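**Student:** sequence and predicted structure below; questions after.
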Amino acid sequence: MQAPVQSSSTSVIKSSLIEPDGGVLVDLVVPESERVAKTVESESMPKVRLTKIDVEWVHVISEGWASPLKGFMREDEYLQSLYFNSLRMKDGSIVNMSLPIVLAIDDETKEGIGSSSDVGLVGPDGDLIAILRSIQVYKHNKEERIARTWGTTAPGLPYVEEVITPAGNWLIGGDLEILKLIKYNDGLDHYRLSPKQLRKEFDRHKADAVFAFQLRNPVHNGHALLMNDTRRRLLEMGFKNPILLLHPLGGFTKADDVPLDVRMEQHSKVLEDGVLDPETTIVAIFPSPMHYAGPIEVQWHAKARINAGANFYIVGRDPAGMGHPTEKRDLYDPDHGKKVLSMAPGLEKLNILPFRVAAYDTVAKKMAFFDPSRAKDFLFISGTKMRTYARTGENPPDGFMCPGGWEVLVKYYKSLQAEEATQQPAVLSS
């Protein structure tokens with residue numbers, strides 16, 4: 001386990017305790033002084049139109065979350081990722097890369113590219129976003145990709161249905177040059193801190209350990225218990241100022257997940273109510289889309305946090321998992337995620353912190369670590385149960401979630417019900 005690090009030549013504690021993969025944090029944004037010339041150059045290039053989720057991946061790659069990757073994967077990188085969950089560097093070292101990060105194109109776009117070596121990438125609104133250099137076009141075998149990533153080709157996988165099934169039969173790889181910064185203009189851009197910005201924040205806080213918590217759900221007091229207990233453990237290990245990176249996923253999520261804006265409002269209330277300490281917590285958005293690919297995807301979530309400067313990663317039950325789309329069971333073994341993380345190639349420098357199971361203690365009337373010796377005293381409140389409480393206006397047990405955070409969820413589900421009610425007559429009349 002990594003011990004606290006302090007420079008011998010200065011009294012300033014450095015939080016950059018972990019090198020980015022490949023040793024250098026990738027930053028693919030073209031300097032402002034060069035943008036006009038490159039934009040003019042791109043006018044004669046064939047164009048590839050990006051979907052909303054493609055743009056999320058451009059964002060991810062451009063800021064260095066996938067370092068040392070410098071663009072969409074060419075075939076050799078794609079195959080290494082698909083079959084080995086890692087990339088071999090020129091010096092022989094291995095970096096983790098469990099999810100293929102690829103750009104699909106259709107036959108017509110491939111035809112239009114012809115023998116060009118560079119293409120312009122345009123967003124859904126037609127704006128030029130980037131140039132993809134020294135391109136390689138290769139076959140997109142969807143069944144192979146789905147089977148290797150999810151371990152099943154069962155219908156109903158959210159990312160597959162949204163992204164892969166409608167995608168073209170070709171993949172195009174190459175080096176990215178970003179001409180337009182990715183902004184969402186949704187009132188949340190100030191939360192979208194790049195790995196470079198996060199590392200600066202950790203230094204500003206004089207952090208001597210950074211522990212990351214990945215989530216795509218509202219924070220309840222069980223989550224807070226885990227995060228606060230992790231900080232206590234790090235202090236006991238000798239660290240002086242461990243900083244929590246509360247890092248909700250901000251890209252594509254499935255339709256029944258709580259939307260990002262609602263989650264961010266809920267997280268703010270958790271900090272306002274003092275459930276988590278605002279002085280030792282940094283809240284930022286992780287721009288990646290969600291695959292729900294269990295042990296394969298949790299490696300990506302951990303690897304990206306290495307690049308952001310976190311040297312500890314909290315992992316719990318069934319990370320990045322979901323229910324089986326056609327059968328009444330979990331798609332993945334709930335313990336496999338944390339086991340895989342502890343053995344994954346290229347993640348050896350990251351300290352993995354498996355957490356204990358938290359549930360509602362009906363005797364103490366608060367969230368607590370599950371005690372098997374008095375199992376009957378504990379209540380497990382699933383995400384489905386939580387949504388049912390919020391939809392029906394029924395309050396969860398006292399101590400399950402801070403009141404401010406719960407109000408945000410109730411307001412959201414009430415607005416959802418009102419929306420559904422207004423749509424119902426239209427459906428009936430049609």
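**Tutor:** Thanks, I have it. Numbers count the residues shown, from 1 in each chain.

**Student:** pLDDT weak spots in the protein?
**Tutor:** Residues of the chain meeting the criterion pLDDT under 70: 1-16, 424-430.

**Student:** in it, where's the longest helix?
**Tutor:** helix 403-429 (DSSP state H).

**Student:** which elements pack onto it?
**Tutor:** The contact analysis (3 or more Cβ pairs under 8 Å, 6 or more residues apart in numbering; DSSP states H and E) places helix 403-429 against helix 260-272, helix 383-392. Every residue, glycine included, has its C-beta placed from N, CA and C.

**Student:** among these, which comes closest to Arg192?
**Tutor:** Taking Cβ to Cβ, helix 260-272 is the member of these nearest to Arg192, at 10.6 Å.

**Student:** how much does the closest one deviate in direction from helix 403-429?
**Tutor:** Regarding helix 260-272 and helix 403-429, their directions subtend 160 degrees when assessed with axes from the mean of the first three to the mean of the last three Cα atoms, to 10 degrees.

**Student:** who does helix 260-272 touch, helix- and strand-wise?
**Tutor:** If contacts are counted by 3+ Cβ pairs under 8 Å, 6+ apart, helix 260-272 sits against strand 242-248, strand 281-283, helix 403-429.

**Student:** quick check: Glu272 touching Glu407?
**Tutor:** No: between Glu272 and Glu407 there is no contact under Cβ atoms under 8 Å: 11.5 Å.

**Student:** tell me who's in contact with Gly22.
**Tutor:** The contact partners of Gly22, taken as Cβ atoms under 8 Å, 6 or more residues apart in numbering, are 67-68, 89, 95.

**Student:** could you say what helices and strands the lengthiest strand in the chain packs with?
**Tutor:** Secondary structure of the chain read by DSSP state E shows that its longest strand is strand 128-139. If contacts are counted by 3+ Cβ pairs under 8 Å, 6+ apart, strand 128-139 sits against helix 32-42, helix 52-63, helix 75-84, helix 107-113, strand 119-122, strand 170-178.

**Student:** and whichever helix or strand comes after the last one, which residues are buried?
**Tutor:** The one in question is strand 170-178. Tracing the chain C-terminally past strand 170-178 and defining elements by DSSP states H and E, one meets helix 195-204 next. Of the residues in helix 195-204, those with enough neighbours to count as buried (16 or more other Cβ atoms under 10 Å) are 195-196, 198-199, 201-202.

**Student:** now the helices for the stretch 201-350 of the chain?
**Tutor:** Along the stretch 201-350 of the chain, the segments classed as helices by DSSP state H, counting those that start in this stretch run 221-236, 260-272, 294-307, 336-343.

**Student:** deepest-packed of those, please.
**Tutor:** When these are scored by mean count of other Cβ atoms under 10 Å, the highest mean neighbour count falls to helix 294-307 (a mean of 25).

**Student:** just the CA coordinates for that helix, please, in CSV.
**Tutor:** Listed in CSV are the C-alpha atoms of helix 294-307, where the atom choice follows Å, rounded to 0.1, in the frame of the first residue of the first chain:
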residue,chain,number,x,y,z
GLY,A,294,-19.4,-4.8,-15.4
PRO,A,295,-15.9,-6.0,-14.7
ILE,A,296,-14.7,-4.9,-18.2
GLU,A,297,-16.0,-1.4,-17.7
VAL,A,298,-14.9,-0.9,-14.1
GLN,A,299,-11.3,-1.2,-15.3
TRP,A,300,-11.9,1.8,-17.6
HIS,A,301,-13.5,3.8,-14.7
ALA,A,302,-10.4,3.1,-12.5
LYS,A,303,-7.9,3.7,-15.3
ALA,A,304,-9.4,7.1,-16.2
ARG,A,305,-9.1,8.2,-12.5
ILE,A,306,-5.4,7.3,-12.6
ASN,A,307,-5.1,9.9,-15.3
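
**Student:** not counting stretch 145-156 itself, show me its contacts.
**Tutor:** 82-83, 99-100, 143, 157, 160-161, 164, 291, 293-294, 296, 324-326, 331-332.

**Student:** alpha carbons of that stretch, as PDB, please.
**Tutor:** Extracted as PDB, the C-alpha positions of stretch 145-156 are listed here (Å, rounded to 0.1, in the frame of the first residue of the first chain):
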ATOM      1  CA  ARG A 145     -17.300  -6.400 -30.200                       C
ATOM      2  CA  ILE A 146     -20.500  -7.000 -28.200                       C
ATOM      3  CA  ALA A 147     -19.600 -10.500 -27.100                       C
ATOM      4  CA  ARG A 148     -16.100  -9.600 -26.000                       C
ATOM      5  CA  THR A 149     -17.200  -6.400 -24.100                       C
ATOM      6  CA  TRP A 150     -20.400  -7.600 -22.400                       C
ATOM      7  CA  GLY A 151     -19.900 -11.400 -22.300                       C
ATOM      8  CA  THR A 152     -23.300 -11.800 -24.000                       C
ATOM      9  CA  THR A 153     -25.200 -10.800 -27.100                       C
ATOM     10  CA  ALA A 154     -28.600 -10.900 -25.500                       C
ATOM     11  CA  PRO A 155     -31.000  -8.200 -26.700                       C
ATOM     12  CA  GLY A 156     -31.700  -5.200 -24.500                       C
END
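
**Student:** before we move on, the earlier item: quick one: the buried residues of helix 195-204 as JSON lines, columns for distance to Ala130 too.
**Tutor:** Rendered in JSON lines, the data for the buried residues of helix 195-204 read as follows (distance: Cβ to Cβ, whole Å):
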{"residue": "Pro195", "distance to Ala130": "18"}
{"residue": "Lys196", "distance to Ala130": "18"}
{"residue": "Leu198", "distance to Ala130": "23"}
{"residue": "Arg199", "distance to Ala130": "24"}
{"residue": "Glu201", "distance to Ala130": "26"}
{"residue": "Phe202", "distance to Ala130": "28"}
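
**Student:** so who does the nearest residue to Ala104 once chain neighbours are set aside touch?
**Tutor:** The spatially closest residue to Ala104, leaving aside those adjacent along the chain, is Ala167, at 3.7 Å (Cβ to Cβ, 6 or more residues apart in numbering). Listed by Cβ under 8 Å, 6+ apart, the contact set of Ala167 reads 104, 140, 142.

**Student:** the second one: what's it in contact with?
**Tutor:** Shown here is His140, whose contacts under the criterion Cβ under 8 Å, 6+ apart are 102, 104, 167-171.

**Student:** and those residues, which are buried?
**Tutor:** When the contacts of His140 are checked against 16+ other Cβ under 10 Å, the ones flagged as buried are 102, 104, 167-168, 170-171.

**Student:** quickly name whichever of the residues you listed is closest to Leu276.
**Tutor:** Distance from Leu276 was checked for each of the buried ones among the contacts of His140 by Cβ to Cβ. The minimum falls on Val102, at 36.3 Å.
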